[in-house]
Structures are given as C-alpha cells and as structure tokens.
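S.K.: Let's see this in three dimensions:
(4 chains)
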There are 4 protein chains.
Amino acid sequence: MAGSVFGNILKCTTWGESHGPALGAVLDGCPAGLAIDEDYIQMFMDRRKPGQSDFSTKRNESDKVMILSGVFEGKTTGTPISLMINNNSQISKDYSNIAECYRPGHADYTFDEKYGFRDYRGGGRSSGRETAGRVAAGAIAIKLLSEFGINFTTFVESVGDISIDYNKFDKNEISNNKLYMPDKDAAEKAAEYLKNVSADKDSSGAVVKCIIDNVPAGLGDPVFDKLDARLASAIMSIGAVKSFEVGNGKAVSKLKGSENNDEFYIDNGEVRKRTNNSGGILGGISDGSSIILTAAFKPTPSIYKSQKTVNNKHEDIELEIKGRHDPIIAPRAVVVVEAMSALVIADALLMNCSSKLDNLKKIYEV
Amino acid sequence: MAGSVFGNILKCTTWGESHGPALGAVLDGCPAGLAIDEDYIQMFMDRRKPGQSDFSTKRNESDKVMILSGVFEGKTTGTPISLMINNNSQISKDYSNIAECYRPGHADYTFDEKYGFRDYRGGGRSSGRETAGRVAAGAIAIKLLSEFGINFTTFVESVGDISIDYNKFDKNEISNNKLYMPDKDAAEKAAEYLKNVSADKDSSGAVVKCIIDNVPAGLGDPVFDKLDARLASAIMSIGAVKSFEVGNGKAVSKLKGSENNDEFYIDNGEVRKRTNNSGGILGGISDGSSIILTAAFKPTPSIYKSQKTVNNKHEDIELEIKGRHDPIIAPRAVVVVEAMSALVIADALLMNCSSKLDNLKKIYEV
Amino acid sequence: MAGSVFGNILKCTTWGESHGPALGAVLDGCPAGLAIDEDYIQMFMDRRKPGQSDFSTKRNESDKVMILSGVFEGKTTGTPISLMINNNSQISKDYSNIAECYRPGHADYTFDEKYGFRDYRGGGRSSGRETAGRVAAGAIAIKLLSEFGINFTTFVESVGDISIDYNKFDKNEISNNKLYMPDKDAAEKAAEYLKNVSADKDSSGAVVKCIIDNVPAGLGDPVFDKLDARLASAIMSIGAVKSFEVGNGKAVSKLKGSENNDEFYIDNGEVRKRTNNSGGILGGISDGSSIILTAAFKPTPSIYKSQKTVNNKHEDIELEIKGRHDPIIAPRAVVVVEAMSALVIADALLMNCSSKLDNLKKIYEV
Amino acid sequence: MAGSVFGNILKCTTWGESHGPALGAVLDGCPAGLAIDEDYIQMFMDRRKPGQSDFSTKRNESDKVMILSGVFEGKTTGTPISLMINNNSQISKDYSNIAECYRPGHADYTFDEKYGFRDYRGGGRSSGRETAGRVAAGAIAIKLLSEFGINFTTFVESVGDISIDYNKFDKNEISNNKLYMPDKDAAEKAAEYLKNVSADKDSSGAVVKCIIDNVPAGLGDPVFDKLDARLASAIMSIGAVKSFEVGNGKAVSKLKGSENNDEFYIDNGEVRKRTNNSGGILGGISDGSSIILTAAFKPTPSIYKSQKTVNNKHEDIELEIKGRHDPIIAPRAVVVVEAMSALVIADALLMNCSSKLDNLKKIYEV
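M.R.: Sure thing, here's the model as predicted:
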C-alpha cells in the first residue's frame, strides 16, 4: 500500500536505499518449475550496472545478485523468490552536503513533506539504485515469458534531438554501443552530443522504446486493468519518465479514423493486421501483434552547474552538486523499462489463465 | 482482478454493458460525513451525456444517476455507495450487423480471443458507455477533494492540428462551446474541421488536458505507486487514450537538466518553484504546485467509411458501420479524465493519512 | 479497502443497507462461458429469505434477484456480474426508537464511534440483510464449482444443547425442516426448544457445519493465504459468528500427534487418508479429502426482553426492542456459510491455475 | 497473490525456506517516525527461538535479526523495512529420508500436488521456521501499537487436558516458565505431562490465548474486513492452528441472547460494557474493551513413533521420523500469535485514519 508492492498474481516487492547495506526484491507468485539461476539474472543486472561508460556514474558496484529463496535444484518452487544485491560503495560523505538542501528536480522536498524527514544519503529510497531490485525480479519474468516465445527489443530511440534512423535499425547494434541505440551512426552522434553536454556541466533527456514480440492475443483485462494501463503504470513508476505512449502514441491526436484504424485481414486462416498503429493492444487486450511502448526520460536532475534552490530551514541557497551521477538516465534505464514491461506481461499471462471456463477445464481435466 | 476494480483505499468497481438494462459503479472507502446528493453527481453525468451536439452520438439517454446505498440524510456513511444509471435506449438491432465481424480499432476481436465470445451489442463492456459509472463515482471524489480546496480544470487542448492559443485561455469558455475548449477561436476552427471530417465519413483525434490546483505536497508513494504512475494507469484505462504525459511530458527528452529543473525559492516562508516543468510531482509525490496531465485520444474507430476487415469465421469482408457514433471522442471524455484523476488524487489523499506517526497521533489524540 | 470487497481473482463487492431502496453485489473475475440464470440464483436466495417459518422474521421480502450485467445469452461473459435485490418492506418507523440508543450485542455503538453517525434504520449496513448480496454472488461460485464436481452439504449441527446424532444423519432431511438439520428427531427437539426460548422473549445460539466434497488437491496457498485462513476470514465475516474450526477443530488441543495425524495409504494407485482429522487441508492446501468447516453463531442479539443499555447522549436507559427479528440466526445463515465458502474455494480454484509452469503450457499450448 | 503478502496498508511479505541461506520479511506501509532498532525486535525473536527448553527443537539458531532498509538514524522512514535472519544450522542430511515420503499431518503431499515438486529440506516453505519473518515484522507492529497504549498478553491456556486456573492468573509468570503459562501450578503439571508424551515418542496439542488491551473503539471495517475476520485469517494462517475464537467463542452456541449480550452502561461519561462476551468486537469493529482471541494448536505432526504412510511413487511405506522437532508447538507459537494479531490491529489502526471526513480535516488542517 505504501507503494513498494507491484502486480496482481505475480507480486514484486522491492526494498532498500541507495546507501543501506543492501537492496533487493521479493517476487511472489512465480509459477513452479521455471529454470532460473543467478547467472541468468546477472546478465540483466549488468546492463544497468554503473561504471560502464563515460555516461554512467563512476560508483563502483558489482551489483552481484543472490537468490535467497524460492529456487530449489535450479527451478522455481512456487514460493517467494528473494533476491538481494549488496551495496559495496556507500560513501556517505559524498552526500553529506545535501542532507539539508532540496535539490531541484529531486524528491528531497517531497519526501520531507510526506514523511517529516528522509534518508538523504544518495537519495535514499528515491535513488535510481532502487531499480536494481526491479531488474532482478524482471529478469525472472523475462525468463518465464521466453518459455512462451515472448521476447523484448528495448533501446534508446533518441537522445536530445538526435533520433535513430529506422532504415538503419540493427538489433545487434543495441548492445554494441554504450547508449543502447540500434543505429550506429545515431549512437556516435549522440555520444558526441553527450560529451558536449557533460563538458557544459549539464545533462540530457532521451526516449526509450520497447517492442514485445509474440505476445498471444487475449492478455489484459477490460476497463481499469487494460494491458496498456498496467504498462503505463509500470513505466511511469520509473523515476524520470514523464510520458508514456503505446503504438502511435500522441500522434493519434492529429490523425483521422481512416488513417489510424488497423485493417484486419486473414493470412493462412489467422487474423492479422496490415498495420500496427494500435501498438498491439485493442480495448486493453493484446491483439497478437507486437506491443510497442515509448517512454520519455527527463535529463538527469543532478547537474554540476550551480543552481539556486532552498534548504529545509526554508532559506534560499546556491547549490553545487558534487559526487557521482550520469549525464543521461536512459541508457541504463533501458533494462529497467524491459524488466517492468515483463512484470506486467507475465502478470497478465497468469491472470488470463482463468479468463474462461474452457481454460480451467484444461487444467483440472474435467 | 478481472479489471473492474480500481483504487487502494477508495475502491471503485464499475459494471454494466452498453445494451444491458443498466450500468453503474460501487464506490467503497469514501470517508463518512461528506455531503453529497444525486443533483451534484448529475452535473458531471450531463457533461458526458450523449446527444449534446453535432459531435456526439444521437443516442438518447438521460443518464439519470441514482444513489442506492451509502448515503443517509444527505451524507456519506462510510459504507459502499452504489450508483446506477438505467439504459433507456438499447436499440439492439442497430448493432446486429456487427455480431460476427471484427471492427477495426475496436475490441471485438480481442474480446473473442480472450473470452471465447462477447456481448456484441453496442460494444458490450468495451463501449465508451461504461465510463458513465466512472463519472458518477468520480464526481464523489471531486466533491471530497473540494473540501480540501482541490479543484480541476479539464479541457480539450487540440483537435487534429488545431490547438488552443494559451494567450487566449479563458476558463469560462470551456463550458461555453461543445468541444470544451478554453479558446473560443480555436473551438470554432475545430468545429469547422470536424464538420468536414464528418462529411468525409471520418473521425478525428484530439488532446485533453487536466490541471489540478491546490493539491497539498506529500500525496503519492515512492516506487510503484508514484502519483504519476497511478494517474497514468487511470487515464490510460480510458478507451482510446494512447499517450499520457505529466508536466513537460515527452518534450523533456529534448531538454537539458538546466532547462528542465524547476528552481525552488522561498516565498513568504513557503517553498515554491519558479517553473512547473515537473507538472506538480517530484519523485512520484505531489510537490504543492499544480498537477498537469495530458492525454491523447485516438480518432473514433467507428467511421461511416467502408472498411476492409474480417469476421469471426476468419473470412475477409467489407464493413460499413451504421448506427450512432461520435466523430470525436475527446469532448465527452473531458469529464472522464477529470473523474479518473479525482479518483486517484482522492485515494492518495486517504493513503497519505497514515504516512507518518505524527498524523496518527493527531487522529487518535495521543 | 473499507471492507466490502472480497477475493483475489474472483472479487465480490456487496453494497446496500437494510432499509435502502435495494442491495446487491458485483462479482468480477468469473470465467466466461458459465451457464447461469436468475432462477438458479433464486434457489439460493429463497433459502435465506425471511418469513419462512416461526423462527424467522415476519419481514415480507420476495428477495427476487436480478442480473443486470455480465451475462449474455445465458452465459457469463467474463465481465462484472451485477446482482440486485430490491427492498420491498422498509418500514422505517419500526426502527425509529433505536435511532439514538445502542442495542446490546449490535454494532450501533461501534458504527457511531467509527463514522460519527450511522444509518440506524434496521441496522443499516450491519444488518444481516446485507448477506443477500453475498448469497447471490455465492450462488454463481457454487455453479462454477459444480462444473468440477465440487458440491456442498451445509446444515445446522446443534441448537443450544441439542445436537444432531450423526448416526441418524440424513442429507435429504436438511431441506425438510425449517432448521436445516439433517436429523429429524434433533430438528423436532430443537424446534420445541426454540418455541420455549421465544416464549421467554429470548434467543438461542447454534452451530453450522459445511462439508465440501470433491475439492481437488492443490487449492490454497502457503503462508498467509492458506485455504483454511481464507475460509476463516470468509466465515468470520458473517455477523454473529464467534468461532471457526476446520476438521477436528478445537478438539486437537487435547489430542496427541499419534491420534490426530491422518495416515496416508494407497488405494488403486491414488493417495488417500484413513481418517480426515485435518478437515481436508494440510499446510493450507487442499488434500483431496472433504473440507469440513464448523462455525458457531451467537444468539440473536435482538431480544424482546427488556435490557439495560445507553444512548448516544451517553445516558443509561432501559430498552425494549420491538419489530421483527428471528429467535435464532443459524438456519437462515446456512446458505450464507455455503455461499462464502464457495467464493473462497472458487477463488482458490482460479488462483491455482497459474501455480505451475505445466498448467500455463496447457493453456497457451506451448 | 501466491500467499506470502499480508495486509492492506501495512503489508508484510515473508520469504525463505527452512534450509535456505536465510529468511525474512519486508514490511511496507509502516508510518515514518517510529523509533525501532534490532535489539527491540530481537526480544521477540528470542521468544520463538529454538533450543530454549526440553520442549523445543535442539536446532541451534541464534535467530539474529538484521534491519536492511527502511530505518534511518533509529527511526522508520516510511519506506519498506527489510528484515533478514540467516539460517545457521541447515543440516540437510537430517531430512534426506523425507525427500520422497509424505509425512502424515505435513504439507509434503499437498505441495507436491500443487507445484509438481517441493523443497523437501526441513519442510521448505511450510516449515514453522517461516514464522521467524512474521515475528520480526510483527515486533514492529507491536512497537507502533505501543505508541497508542495498546498492549498484548499472550499465553498458553491449556496443554492437552491441563488448563490454567484463572484464579491463579499471574501475568508475570508467563515468561517465567518454558511453556508460557500464567499459572505456575498448571505449567508444572503440563511440563510433567509433556515429559510423558515425549517419552512415549508422541506430541501434544494446546490452546493459546491473546488479550489485547487499550484498543480504541472504531477499528475494523464492516462486512468482509471485520476486525475478527481479519484476525481469524491471520491466526489460522499459522500452521497447526485448527480453530479460532473471539470472546465467548464456540460457547455462544449454547447461550441465550439474554446471557450473551453485553450490557452497556455509562461510567464517568464514557460508554462501558458490564461483561465482555463479545471479546471486544461488535459488528466487526472494536468496541473499546479488550480483544480476546483463542487459537487451538494441533499436536506436532512430526512424532518419533513409527507411522504408516506413502511415498511419491505411490507406494505404502513405514516411516520413522528422526531429527529435531518439538513435542508441542504452542509455546514457541505464542509470540507468533501475538505478532500476527499486532499486524492486523496496526493495519486496522492505519485504515481507520480515513474512515471519516473529520479525521482527514485534522490531518490536512482545513
């Protein structure tokens, strides 16, 4: 209820602060019998790990994940999976100057207003570091979905004004550059742009896209638990995301029905769509085509430039943020978007099991 | 779990199909002692009622709301408030031609895939008519919030390419034109545009904006239940919404930190922000400035133009939709956006009561 | 959150007061494709209907249930099923003398303390009449379970000191006597006892038993959502229930392990138990044998005898309750116990669908 | 959803198996500002720790609790509190002989039926060891409640046929004997009885009672979330509990209304009850008098006597359980009953904050 539990059947609870001894997640509701191990999860952890490039914080964390429960002899048991990541590099002194001040664009002020005080070390609970637990849990959801052929392509679509060229889209390129962009040229331009932004003690926004292939038709529920509503909630819950779009997204506002409607046709007896403006969801339920999501990330609020702000004694002050922080959030958040999307799709996959009597009869063999 | 229950403490359950005998909502968790009556709720019902203009369906519905429980001698009792709206105009024959076909842009196909069959009359549960229950429940949330000075300004920001001019913004104008636009000139241009679109048997998308004033700082929860995540879920759960933005929204992707950060300053001892790029939310928690939301609505998928599609026997067919439908969804959806936002803010207001020990001590007087 | 929503996947929301215009329930999450109609539900409504005998209130209610949504052409559609029962006999004047006083054993005082005031007509929301909605929703759960061969035998086991003799147990007798006892002799003795109690302006407690046959092994979840924990919550939520037992119940406290353990053995290749002291549940999960529940009902708190109590001005007063009330609660509550048990078992049946990967693979055919 | 998350606002998630590296709990929703530390929690851990006496397992566990998040400078921050206890003494070989067999009275068979396989080491997730996490989380709830003067008296009321004499009730005695009984003589007799039971390779059932003083009137919600329904769910979720009673409990079935009703009277302007047959709850809402709960624990199913049972190859076998186990469950479970009750009462305390508009106005100062 206080916001750290996510999901209906597949419930993910995260815990931990930036500078506590550890952080983690508990994933309850994962079906029994799924093969999983720490190495598999670690692949995803490594994608958001700090210190990978010039564009990510120098904080030194191995982000080694441990499975503490819910897995026996290499398979999930159906009981809660506890995942823990130790914090190795909690240099609290780095953050001592922000104990009393409210950094612009951060949650310092709102936490103080809500709770009366806050763990100010490295942003405490509001730190991006909290997403480590999400990625660990999401990796298990991704593994579960892979059993049904469902897979993810997630990448940075644009950095500032520099957007990828879809004609040059190369899936393999995504993991080849530090910005997780599927277009080598765009990635190089963006890297150049970011160097200038960094040199200017500033930071940049960006857009992340997630394409989910092979989702069966029928996932998601009408009305409030529409699949896109759940995905919106999941993606907007990532700090720094300020917009969420599905399919054509905001562009639909300028289109006509005849332009935006996707024509159905029959292909080898199967229902298909000629276009996918809907982004794979109709009426809140997956339609069998690829699900396409877009999220815009704000520029890192921590910048080295001097900023005017206030402190908790309600005095105007001048602030220079020191310490370690990324000039851009999106590249390391790519895997977080993927993890959160996977938690939603997996949850919908489980919920859909009981949507019709015929499904139940298959399971209980009556 | 099947998607028709929304909220944490303040729980709204809607029920009903387009052509059933009635539809409604049950609102559980509303605090006792709030003055409410059917007339107040009816004001909101009338804003989404069909038949108001050339741009809304000719379906004749009084949309008269009845309070069946939870209110005694003019005040809420703390028990579930049951709200019902009879359907008067269920001309099922209008829709008999769509029983077997899958309309492009609609949920016919996905409902069939999920459930094995569907109530095809007027879209059944996936009809926009379902939102009547949401508006009735939302009106009570709006009344509750008004007790704390919180109020809503919700309007159509653009229709197709025609956008309002914020220099001409006139709040009073919103209820003066059938498109609920706060700029008379833009409203007239948009009306002209819609006439042409209608004449062309087509439909148009649009953008709706919601500004919520006087929200106290501290509402919303960290991590998954961020206030913007909950709002995103609520707004994206409205059929036809394809994007959700808070504050600067997608534009943040092109900005630098120094441009996007809102500078704090002290005004008469109070913490204020010079700008409101964050849209009133920092770290998922309200920051005391106005909350600003933007939603893009797709063009009405039901168009009079002939369309290629398929039927449930998996045959290619040609479809001409007859019957009653709006050439634009957004104007009647303005109040739905407001209702859903209110349900979220009210829920957050209730949840926040127990966020710190000091609050509890005030209530239990220890 | 305010207590009127029950269940995980199969969510039942009830609403309505004793003397409002109507009351009802919304059942969300029922799988699509279940044949159901008002006549079927009515059979269950009639079992709790008032005015059936000398031992139930003379209040004249037809308790006719209406299905307002979620059923199309005789089958559930997977969307919320709205069930409504009109109140015909709201003689508010009957209750005018209790507006200000706190009846012993009733919720008058606690509602006032919690909410500041209450709908005092006939007990308002705390009236046993609220269970009408539960029975309507529960009837659908019972129908769902019958598709899997699961069935219920629910009856009054004892009235005051008069207990049935299990050697004379006759299932058919249950519906033959007004006390729903499966032993004709005991029923006659109990009826005689109740006449004396009534003549004495008093009321009697009783015990209700529910036996659920053919529940497959595997339903229920470890730890907090144990099947017996969920059943306990459901049964204790019925007003007047003061104890809940499963299997041997409280008697286990006097037993030794060697007496209480149920020996497993193999019968035609199947695992069976020689005894059923566990009441069909081991470790919170159904073990394939009959589930056996016992609930004790307190005597009706409304008695015609004069009682000392207080009013809402905090004055000592003498109270004589007039109007209509039963001298015993249990007989009419038999069907409520059955309905609530069915909601729990059905919910567990749905939840269990996603408990192992093999189940999912059957449904998604991978 | 899979059963390891408990509570509405105050949400407790437990994780861990008997023989995994660790187990723990995450408590979300605890108000900010509560003073708490590991030493305080450890006092409760020590009450359920194994190896305290002849009547508890010789397993050697320090059960040292660690706080990993959610507490800063000695106070809760409002974010999830992660609590972890390392398992030191996982001697898996002790349990190797039960990998394939289904122990009578245990969850081995039902876990296999539900999940397809199980972590058989020491009972895995169904081990009583799981309650360590509950006690850690419950200790925080107890601390929170103590801020409002609410306190607990929990004890063993009877062992087999040996019951305490309430005339000799001595609260201080509870912690003086290994059986946590408040009557020294009864404790001695019970100890003698248990020695004989142990010598006979058998085990004994028992009854635990919990009395909660100073609960303010108004906690709990009508209908499904009645305070006693929530308590029943919490207590019945403790493995081995087979009955739950509130107040007079099952005895009400033999009483008349005039005997069971609690008379209200005015004492110094306050509403009081002459008796407390209701056990402190009326209509599901606390009435200001002490809450009285009773739970019956079955005898430990693990006994040293040879038992007939079956294995997972569906063969009849003879089983002799070796290893470490208690001849009685109740004494170490006393603190678990207290912890679970505290989680429920604390959750109800938080939920009740938003029950009336007046409360909200106090908090938001309008």
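S.K.: Please make it C-alpha for all contacts and neighbour counts, starting now.
M.R.: Noted.
S.K.: Next to chain C, which bits of chain A? Give me the list.
M.R.: Selection of chain A residues close to chain C by Cα under 8 Å from any Cα of the partner chain yields A:9, A:29-34, A:78-79, A:147-148, A:222, A:350-351, A:353-364, A:366.
S.K.: mind redoing it with 7 Å?
M.R.: Neighbours of chain C within chain A, by Cα under 7 Å from any Cα of the partner chain: A:31-34, A:78, A:148, A:350, A:353-357, A:359, A:362-363, A:366.
S.K.: ok, of those residues, which come out buried?
M.R.: Buried members of the residues of chain A next to chain C, counted by 16 or more other Cα atoms under 10 Å in any protein chain shown: A:31-34, A:78, A:148, A:350, A:353-357, A:359, A:363.
S.K.: what's the helix of greatest length in chain A packed up against?
M.R.: Looking across chain A with DSSP state H, the single longest helix is helix A:330-351. Applying 3 or more Cα pairs under 7 Å, 6 or more residues apart in numbering or on different chains; DSSP states H and E, one finds that helix A:330-351 makes contact with helix A:38-48, helix A:131-146, strand A:151-159, strand A:206-213, helix A:227-236.
S.K.: Assumed A:Phe244 was part of a strand.
M.R.: Yes: the assignment for A:Phe244 by DSSP: H, G, I helix; E, B strand; the rest coil puts it in a strand.
S.K.: which one is it nearest to, not counting chain neighbours?
M.R.: Among residues not flanking A:Phe244 along the chain, A:Ala295 sits closest, at 4.8 Å (Cα to Cα, 6 or more residues apart in numbering or on different chains).
S.K.: any idea of the angle the helix or strand encompassing that neighbour forms with helix A:227-236?
M.R.: Under the criterion of DSSP states H and E, A:Ala295 resides in strand A:291-297. Comparing the axes of strand A:291-297 and helix A:227-236 via axes from the mean of the first three to the mean of the last three Cα atoms, to 10 degrees yields an angle of 30 degrees.
S.K.: Run the chain-centre distance for strand A:291-297.
M.R.: Taking Cα atoms, centre = their mean, to the nearest Å, one finds strand A:291-297 lying 10 Å from the centre of the chain it belongs to.
S.K.: for the record, mean pLDDT for it?
M.R.: Taken as a whole, strand A:291-297 has a mean pLDDT of 98.
S.K.: That strand - contacts with which helices or strands?
M.R.: Where contact means 3+ Cα pairs under 7 Å, 6+ apart, strand A:291-297 is packed against strand A:206-213, strand A:241-246.
S.K.: Does the helix or strand just after the last one reach chain B?
M.R.: Okay, so that is strand A:241-246. Once the chain leaves strand A:241-246, the next helix or strand it forms, by DSSP H and E, is helix A:257-260. Yes: using Cα under 7 Å from any Cα, helix A:257-260 reaches chain B at A:Gly257, A:Ser258.
S.K.: Mind listing residues that contact helix A:257-260?
M.R.: A:Val252, A:Asn277, B:Asp202, B:Ser203, B:Ser204, B:Pro299, B:Thr300, B:Pro301, B:Ile303 (Cα atoms under 7 Å, 6 or more residues apart in numbering or on different chains).
S.K.: Could you measure from the closest residue to A:Asn311 other than its chain neighbours over to chain D?
M.R.: Among residues not flanking A:Asn311 along the chain, A:Cys101 sits closest, at 3.9 Å (Cα to Cα, 6+ apart). Going from A:Cys101 to chain D by Cα to the nearest Cα, to the nearest Å gives 18 Å.
S.K.: what's the closest non-adjacent residue to whatever residue of the stretch 201-350 of chain A ends up closest to chain C?
M.R.: Distance from chain C to each residue of the stretch 201-350 of chain A (Cα to the nearest Cα) is smallest for A:Leu350, at 5.6 Å. Counting by Cα to Cα, 6+ apart, A:Leu350 lies nearest to C:Ser354, which is 5.6 Å off, once chain neighbours are set aside.
S.K.: In this structure the one you found contacts A:Pro31, no?
M.R.: Yes: between C:Ser354 and A:Pro31 there is a contact under Cα atoms under 7 Å: 6.0 Å.
S.K.: Got phi/psi on A:Tyr102?
M.R.: Here is the backbone geometry of A:Tyr102 (degrees, to the nearest 10): phi -100, psi 110.
S.K.: Quick check: the gap between it and B:Asn268.
M.R.: Distance of A:Tyr102 to B:Asn268, computed by Cα to Cα, to the nearest Å: 17 Å.
S.K.: With neighbour numbers in mind, choose between those two.
M.R.: A:Tyr102 (25 against 8; other Cα atoms under 10 Å in any protein chain shown).
S.K.: Looks like that one contacts A:Asp108 (just checking).
M.R.: Yes: counting by Cα under 7 Å, A:Asp108 is a contact partner of A:Tyr102 at 5.2 Å.
S.K.: Give me every residue in the stretch 51-200 of chain A lying close to chain B.
M.R.: Close to chain B, as judged by Cα under 7 Å from any Cα, the stretch 51-200 of chain A has residues A:Pro104, A:Gly105, A:His106, A:Ala107, A:Thr110, A:Glu113, A:Lys114, A:Tyr115, A:Ser126, A:Val159, A:Gly160, A:Asp161.
S.K.: Nearest to chain D, out of the residues you listed: which one, please.
M.R.: Out of those, the member with the shortest distance to chain D (by Cα to the nearest Cα) is A:Tyr115, at 5.6 Å.
S.K.: what sits against the closest one?
M.R.: B:Ser355, B:Lys356, D:Ala32, D:Thr77, D:Gly78.
S.K.: Could you list the buried residues of stretch A:149-161?
M.R.: Neighbour-count burial for stretch A:149-161 [16+ other Cα under 10 Å]: A:Ile150, A:Asn151, A:Phe152, A:Thr153, A:Thr154, A:Phe155, A:Val156, A:Glu157, A:Ser158, A:Val159, A:Gly160.
S.K.: Quick check: closest non-adjacent residue to the first one.
M.R.: The shortest distance from A:Ile150 to any non-neighbouring residue, by Cα to Cα, 6+ apart, is to A:Asn214 (4.8 Å).
S.K.: who touches the one you found in this structure?
M.R.: Going by Cα under 7 Å, 6+ apart, A:Asn214 touches A:Gly149, A:Ile150, A:Asn151, A:Gly288, A:Ser290.
S.K.: for those residues, which one is nearest A:Gly239?
M.R.: Nearest to A:Gly239 among the contacts of A:Asn214: A:Asn151, at 24.2 Å, using Cα to Cα.
S.K.: just checking, that closest one touches A:Pro216?
M.R.: No: counting by Cα under 7 Å, A:Asn151 sits too far from A:Pro216 to count as a contact (11.6 Å).
S.K.: so how far is chain B from A:Phe72?
M.R.: Separation of A:Phe72 from chain B (Cα to the nearest Cα): 29 Å.
S.K.: Quick check: bridge partners of that residue?
M.R.: A:Lys75 (DSSP bridges).
S.K.: about what we covered before: keep only the contacts of A:Tyr115 that also lie close to chain A.
M.R.: Residues of those in contact with chain A (Cα under 7 Å from any Cα): B:Ser355, B:Lys356, D:Ala32, D:Thr77, D:Gly78.
S.K.: what's the third one sitting at in phi/psi?
M.R.: What it means is D:Ala32. phi -70, psi 150.
S.K.: Just grab the bridge partners of it for me.
M.R.: Applying DSSP bridges, one finds that D:Ala32 bridges with B:Lys356.
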